[in-house]
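Q: Okay, sequence plus prediction incoming.
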Amino acid sequence: MEALIKEISTKTGITEDQAKNSIILVADKLKAGMPHIFHAQIDKLLNGESLSEGIKNKFKDLGEDAEDVLKNIGQKAEEFAGDIKKKLGDMFSDKKFIATSAFGNVKDLELMKTMAEEGKLKAVI
């Protein structure tokens with residue numbers, strides 16, 4: 001952290017003690033907003049070190065897990081859409097189904113056509 005303290009002090013014109021206090025304040029704020037497993041990594045970064053392999057692997061694993069979840073969601077959405085398509089196809093291929101409208105229960109598609117022709121039924125949904 002000494003190198004960072006000197007760099008901040010030189011570039012900003014504040015004392016090294018002020019730079020150190022600023023770094024500690026920022027580090028504490030970062031740590032407060034992150035899970036405990038990242039605290040040591042923040043200290044390492046502030047001391048000029050790089051992230052440890054363990055943390056790098058955790059980020060990589062997290063990315064892979066997220067990718068798997070998104071693929072699974074996509075597959076489920078495709079299955080759901082296929083099921084809906086099949087059910088709608090089955091429902092309308094019979095030419096007989098139950099519909100509820102402002103007129104009550106209509107059980108026969110032919111009756112619905114007649115009602116539409118007579119202007120008693122404006123739309124079929």
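A: Alright, I've got the coordinates.

Q: Mind listing what's buried along the helix or strand containing residue 22?
A: Per DSSP states H and E: residue 22 is located in helix 16-32. By neighbour count on 16 or more other C-beta atoms under 10 Å, the buried set for helix 16-32 is 19-20, 27, 31. Just so you know, the C-beta spots here come from the backbone N, C-alpha and C atoms, and that holds for glycine as well.

Q: Please, where are all the helices along this protein?
A: Per DSSP state H, the chain carries helices over the ranges 2-12, 16-32, 39-46, 53-93, 109-117.

Q: Output those helices as CSV; include the columns mean pLDDT.
A: Formatted as CSV, those follow (pLDDT from 0 to 100):
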stretch, mean pLDDT
helix 2-12, 91
helix 16-32, 93
helix 39-46, 85
helix 53-93, 81
helix 109-117, 72
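
Q: Please work out which of these is packed deepest.
A: Among the helices of the chain, helix 39-46 has the highest mean neighbour count (mean count of other C-beta atoms under 10 Å), at a mean of 16.

Q: So which elements touch it?
A: Judged by 3 or more C-beta pairs under 8 Å, 6 or more residues apart in numbering; DSSP states H and E, helix 39-46 is in contact with helix 16-32.

Q: so what secondary structure elements neighbour the helix it packs on?
A: helix 2-12, helix 39-46.
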